[in-house]
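Trainee: Predicted structure and sequence below. I'll ask about it afterward.
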Number of protein chains: 2
Amino acid sequence: MSKLLPEKTIERLSRYRRILLSNVYNEKEFIYSHELAHLLHLTSVQVRRDLMLMGYSGTPTKGYHVTSLITAINDTIDPPEVQYAAVVGMGNFGTAIARHLKNKRDFIRVIAGFDIDNEVINRILPGIKCFHINEIEKVIKELNISFCILTVPPESANLTKDVLIKAGILGILNLTATSLDVPASIFLEEYDIITSLEKIAYFTKHL
Amino acid sequence: MSKLLPEKTIERLSRYRRILLSNVYNEKEFIYSHELAHLLHLTSVQVRRDLMLMGYSGTPTKGYHVTSLITAINDTIDPPEVQYAAVVGMGNFGTAIARHLKNKRDFIRVIAGFDIDNEVINRILPGIKCFHINEIEKVIKELNISFCILTVPPESANLTKDVLIKAGILGILNLTATSLDVPASIFLEEYDIITSLEKIAYFTKHL
DNA sequence: TAGATTGTTAATCGATTAACAATC
DNA sequence: TAGATTGTTAATCGATTAACAATC
């Protein structure tokens, strides 16, 4: 197994790929580090260093070959086979997230939702099956779901997390306002929109 | 104006306050740095250092007085008066975000939504008025809106941002997959959920 | 060749953590 | 007082940026 790349580099590789896949550079065969940097508001050194860490090389004067760079990023960050994900907590927020993520990436497919509300459970969302949370362990195993996006109410977050881990999940994206405690074998990513807004309130107050 | 605190400290202060306001410590008058740290999966040094940077003191042996700590955080991070926010792009995702944020914080109120779809514009959302994006400049000024949450399609993000800045907005939370270019006078916070998922895919593949 | 660009090491910057004196 | 905790400086760690040789 190759050495792990820094989290920040992985984030940027994801963003480089998205820009390269979008039609912005459709026409061009090559792209310079400063062009890519400009599109994402980074510096060209940072771009070159990230690509270097990935073990990818460009050509002085020509820059980086767009399609081969995309392939290199695919090989680096994509999982070897399609990974399935579920949204746990299909309220307004969870449902919107599930819809939003559907078919966004080829290698990560949101295919299931869980909730305690029977109203929600038989709701038809194209491509996303909804289940009662009681079935979570069984369904996760049957559908081979490896990540979950957690959008349950904050009070239930820690309990739900325990169930997910017991069911063999590998990673959690926690969009709940509660901070989760997970073993080192689980990859946890947390984002809290309220904290973002409070940051904006603080920094706009002062600048 | 007091010296700006680091972004990471502000993020944690926001989280400390949320925990303290939740009923977890309802009963206790004092809390130790290691208790607060444990609840958020941080170290006690980090908690003490953050509070020190804020200029707040506890008492050896007793720890920190819960209600006065909350007040200190309020005074540090809350704006002097209520700030109004708008969600720009009221699709499924934007609408869910607007609902999700409604009444979450006393000093930040999401009161308006903007979209190009006439279907959406007259939609009734309790407490949130929807407007056509053509009216954005006028409405932002009239309602004294100071931040926006951007949830438009990625292609429209940069154009929309220009309008927001022209209308005098101070901060933007960009939930769009496009990276924005803003002048230094605007506080910009960006979060991209797809990138989070791709990070999870990478790190669960390797660990 | 001259000039722009890549690749990479070393320096810098910022944030976290270790160490420990001061305090109740 | 003894012991646990706070407050704070100094050391460490990690990520970004500067500098510059190598390359086309």
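Mentor: Done, it's in.
Trainee: switch to C-alpha atoms for all contacts and neighbour counts from now on
Mentor: Fine.
Trainee: helix, strand or coil for A:Phe114?
Mentor: Look at A:Phe114: counting by DSSP: H, G, I helix; E, B strand; the rest coil, its state is strand.
Trainee: Quick check: bridge partners of the residue sitting nearest the centre point of chain A?
Mentor: Centroid-nearest residue in chain A: A:Leu173, 7.6 Å away (criterion: C-alpha atoms, centre = their mean). When assigned by DSSP bridges, A:Leu173 has beta-bridge partners A:Ile149, A:Glu189.
Trainee: residues in contact with it?
Mentor: A:147-150, A:188-191, B:196-197, B:200 (C-alpha atoms under 8 Å, 6 or more residues apart in numbering or on different chains).
Trainee: if we go to 6 Å?
Mentor: Taking C-alpha atoms under 6 Å, 6 or more residues apart in numbering or on different chains, we find A:Leu173 in contact with A:149, A:189-190.
Trainee: Same check on A:Ser146?
Mentor: A:Ser146 touches A:84-85, A:169-170, counting by C-alpha under 6 Å, 6+ apart.
Trainee: which of those count as buried?
Mentor: A:84-85, A:169-170 (16 or more other C-alpha atoms under 10 Å in any protein chain shown).
Trainee: From what I see, A:Glu137 and A:Lys166 are in contact.
Mentor: No - applying C-alpha atoms under 6 Å as the test, A:Glu137 and A:Lys166 come out as separate, 7.5 Å apart.
Trainee: Tell me how far the residue lying farthest from the centre of chain A lies from chain B.
Mentor: Centroid-distance maximum for chain A: A:Thr61 at 34.0 Å, with C-alpha atoms, centre = their mean. Per C-alpha to the nearest C-alpha, to the nearest Å, A:Thr61 is found 26 Å from chain B.
Trainee: just A:Thr204 next, same as before
Mentor: 6 Å.
Trainee: Where does that residue sit, in terms of helix or strand?
Mentor: helix A:193-206 (DSSP states H and E).
Trainee: ok so, going back, would you mind trimming the contacts of A:Leu173 to those in range of DNA strand C?
Mentor: Filtering these for proximity to DNA strand C by C-alpha under 7 Å from any atom of the strand leaves nothing.
Trainee: which of the residues you listed lies closest to DNA strand C?
Mentor: DNA strand C lies nearest to A:Glu190 out of the contacts of A:Leu173, by C-alpha to the nearest atom of the strand, at 14.0 Å.
Trainee: quick one, domains of chain A?
Mentor: Using automatic domain parsing, the domains assigned to chain A come out as A:7-77, A:83-195.
Trainee: if we can go back for a sec, can you redo the contacts of A:Leu173 as TSV with distance to B:Val120, neighbour count and pLDDT?
Mentor: Formatted as TSV, the contacts of A:Leu173 follow (distance: C-alpha to C-alpha, whole Å; neighbours: other C-alpha atoms under 10 Å in any protein chain shown; pLDDT from 0 to 100):
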residue	distance to B:Val120	neighbour count	pLDDT
A:Ile149	27	24	98
A:Glu189	33	16	97
A:Glu190	31	16	97
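Trainee: Tell me the one of those nearest B:Thr204?
Mentor: The closest of the contacts of A:Leu173 to B:Thr204 turns out to be A:Glu189 (C-alpha to C-alpha; 11.4 Å).
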